[in-house]
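J.: The amino acid sequence is not available; the structure is as follows:
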């Protein structure tokens, strides 16, 4: 939608995660303002994320993505769960800690983890009885292992390419303000205000500025509460590890044009008949 088209001045809203009225997590904050942004009748509002600044401090493997469940297809089936310590990992550092974990769980020489620099894939050699597989029902560590999301069966064959790129994109959501955006993560209307590409390496700052003229129309006439949540491409909240983030929003106003009645042929005929009857009478 176009920018401001009324006599009302645009309003800027500046947010700092450290100054939230209520902090629900490092990526979910509620901001409350004493000053209310109000638009009069026949005027509507639009909202856009003008800028966002944050540190790419989300771990490659965090507390929501550090569990691995191995299943041995013996009789009976046996599950082995291991937990990777959250942190920044590369393929080599992950292989080292992974081997330590499986050795502690299975015993020395039972499971050997390997990583191929040629294929970019992990593999496991198992010397025990039965077959060793990765179980999606107890696993959250998907990308680093090349483990496909959405899989329901235990994976006994080779894994996919390992992914240690970490956070690739960020979705800026405002939960209390309906924007009617369409989002494939929910397959329905959502409260997503903007998507931000994360193209800086781990530990670096990310600076986003929207230079477009587009904004989202709001179905409200007042604004003084902003319930913001920053999520990744899977809809999970991003753990910034207590590093604050800042954002600026811009509110614009536009004239609401009253809908005009479109006369259909049927309605026109009915009106003509009524006029004819009135003239005859």
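T.: Cool, got the structure. Computed from a prediction, not measured in an experiment: that's the story for all the values here.
J.: Tell me how many other residues crowd the residue nearest to residue 198 when sequence neighbours are not counted.
T.: Leaving out its chain neighbours, the residue that sits closest to residue 198 by C-beta to C-beta, 6 or more residues apart in numbering is residue 167, at 4.9 Å. Glycine gets a C-beta too; all of them are placed from N, C-alpha and C. Residue 167 has 21 neighbours, counted by other C-beta atoms under 10 Å.
J.: Looks to me like residue 167 is in a strand.
T.: No: per DSSP: H, G, I helix; E, B strand; the rest coil, residue 167 lies outside any strand segment and is coil.
J.: That one and residue 62: what is the separation?
T.: As judged by C-beta to C-beta, to the nearest Å, residue 167 and residue 62 stand 10 Å apart.
J.: got it, and residue 136?
T.: Applying C-beta to C-beta to residue 136 and residue 62 gives a distance of 18 Å.
J.: so how far is stretch 219-237 off the chain centroid?
T.: 11 Å (C-alpha atoms, centre = their mean, to the nearest Å).
J.: hang on, I meant stretch 207-223
T.: 18 Å.
J.: quick one: average confidence on that stretch?
T.: The average pLDDT for stretch 207-223 rounds to 90.
J.: Show me the contact partners of it.
T.: 1-3, 13, 36-39, 44-53, 177-181, 193-194, 196-197, 250-252, 254 (C-beta atoms under 8 Å, 6 or more residues apart in numbering).
J.: tally of neighbours for the closest residue to residue 146 other than its chain neighbours?
T.: Nearest residue to residue 146, sequence neighbours excluded (C-beta to C-beta, 6+ apart): residue 160, at 3.5 Å. Neighbour count for residue 160, taken as other C-beta under 10 Å: 16.
J.: And for residue 141?
T.: 21.
J.: for it, what are its contacts?
T.: 61, 65, 66, 67, 68, 84, 147.
J.: any idea which of the residues you listed is least confident?
T.: residue 147 (82).
J.: That one against residue 159, yeah?
T.: Yes: between residue 147 and residue 159 there is a contact under C-beta atoms under 8 Å: 6.2 Å.
J.: joint contacts of those two?
T.: Here residue 147 and residue 159 have residue 134 as joint contacts, going by C-beta under 8 Å, 6+ apart.
J.: quick revisit: can you tell me which of the contacts of residue 141 are buried?
T.: Among these, the ones that count as buried by 16 or more other C-beta atoms under 10 Å are 61, 65, 66, 68, 84, 147.
J.: can you give me the helices in the stretch 51-200 of the chain?
T.: Taking DSSP state H, counting those that start in this stretch as the test, the helices found in the stretch 51-200 of the chain are 91-106.
J.: In the protein, where is pLDDT below threshold?
T.: 1-5, 157-158, 258-281 (pLDDT under 70).
J.: Against residue 115, how distant is residue 96?
T.: From residue 96 to residue 115 the distance is 10 Å (C-beta to C-beta).
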